[in-house]
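Asker: have a look at this prediction, sequence included:
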Amino acid sequence: MAEGKVLSAIGPGWVRRVINRAFQQGSFVPRFGNAALAWEDLRAPLIGQRLLVVAGRVDYNYTELTVDFSATARYLNEPVGVVFQMTHAKLLDSPVYPHLHWTQEEDHIPNWLIAFRWYKNGQLVPSTWTLAKYTTHEYTYASGALAQYTNFPGISAPASETVSSMLEIKLYRDSANTSTKFAGADPYTMTAKAKELDVHIQLDSLGSNGQLTKA
């Protein structure tokens, strides 16, 4: 498929030809672009992650299926970490957009903080991490236990990104503002219940034409 071909404009005859070619050659992977680019989630549920905790400040909640960050949870010592391998369908060199699904129970936002590094296979793993605090949240709190969605800044891809690059993220609740990224101490007085840390990625194909290459 040519770059920029809009999916809605593809007729049945074109579809048949693509399918025939894919079966005959075994190496053809449809590509799409412009208006046909698609968004997808890479997902990392938090309930099964290994925890580095002191005195239960970050702990499992098997009733709510959350990882609970208490009001005394700290940066730098108590992260929950996740690793994402980028899908072969990802639009290479495009940024990704991390966001956190969590349960909000009062009209404040915790000092949610991430540290990240992103690198290609065959490249030296960076020895440093970049810090970023949350930017916005999607829903206005009124009462009860709200399924909230909180955004972090977009993260740029490593230069000349290749297939299956690796993005690592650590999630913190920086209750004492040790990072100095926030206006002050965490205003959220309750335990913050985190569900899942995801990244939105943009897709431009159904996969890659080679195991480690994308034409």
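Answerer: Great, that's in hand.
Asker: list the buried residues for the longest strand along the chain?
Answerer: Criterion DSSP state E: the longest strand present in the chain is strand 192-203. Buried residues in strand 192-203, counted by 16 or more other Cβ atoms under 10 Å: 192-199, 201-203. Heads up, the C-betas are built off the backbone N, CA and C, glycines and all.
Asker: with stretch 118-133 instead?
Answerer: Buried residues in stretch 118-133, counting neighbours by 16+ other Cβ under 10 Å, are found at 118, 120, 131-133.
Asker: now stretch 68-85
Answerer: Buried, per 16+ other Cβ under 10 Å, within stretch 68-85: 68-70, 72-75, 78-82, 84.
Asker: farthest pair within those?
Answerer: 72 and 84 (28.7 Å; Cβ to Cβ).
Asker: pull the distance from the longest strand of the chain to the chain's centre.
Answerer: Relative to the centre of its chain, strand 192-203 is centred 5 Å away, using Cα atoms, centre = their mean, to the nearest Å.
Asker: C-alpha coordinates for that strand, CSV please?
Answerer: The C-alpha coordinates for strand 192-203 follow below in CSV (Å, rounded to 0.1, in the frame of the first residue of the first chain):
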residue,chain,number,x,y,z
ALA,A,192,-3.3,6.7,45.6
LYS,A,193,-4.4,3.5,43.8
ALA,A,194,-2.6,2.9,40.5
LYS,A,195,-4.1,0.5,37.9
GLU,A,196,-2.1,0.6,34.7
LEU,A,197,0.7,2.6,33.1
ASP,A,198,0.3,2.7,29.3
VAL,A,199,1.9,4.5,26.3
HIS,A,200,-0.1,5.6,23.3
ILE,A,201,1.9,4.8,20.1
GLN,A,202,1.2,5.6,16.5
LEU,A,203,1.0,2.8,13.9
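Asker: what lies in contact with stretch 67-76?
Answerer: With contact meaning Cβ atoms under 8 Å, 6 or more residues apart in numbering, stretch 67-76 is reached by 46-47, 49, 51, 54, 56-61, 78, 80, 110, 113, 172-176, 178-179, 186, 188-194.
Asker: just the buried members of those residues?
Answerer: For the contacts of stretch 67-76, a burial check counting by 16+ other Cβ under 10 Å picks out 46, 49, 57-60, 78, 80, 110, 113, 172-175, 178-179, 186, 188, 191-194.
Asker: out of these, which sit inside strands?
Answerer: 58-60, 80, 113, 172-173, 192-194.
Asker: can you lay out these as a markdown table showing distance to residue 148 and pLDDT?
Answerer: Shown next, in a markdown table, are these (distance: Cβ to Cβ, whole Å; pLDDT from 0 to 100):
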| residue | distance to residue 148 | pLDDT |
| --- | --- | --- |
| 58 | 18 | 87 |
| 59 | 20 | 88 |
| 60 | 20 | 87 |
| 80 | 17 | 90 |
| 113 | 16 | 98 |
| 172 | 17 | 96 |
| 173 | 14 | 97 |
| 192 | 10 | 98 |
| 193 | 10 | 97 |
| 194 | 10 | 96 |
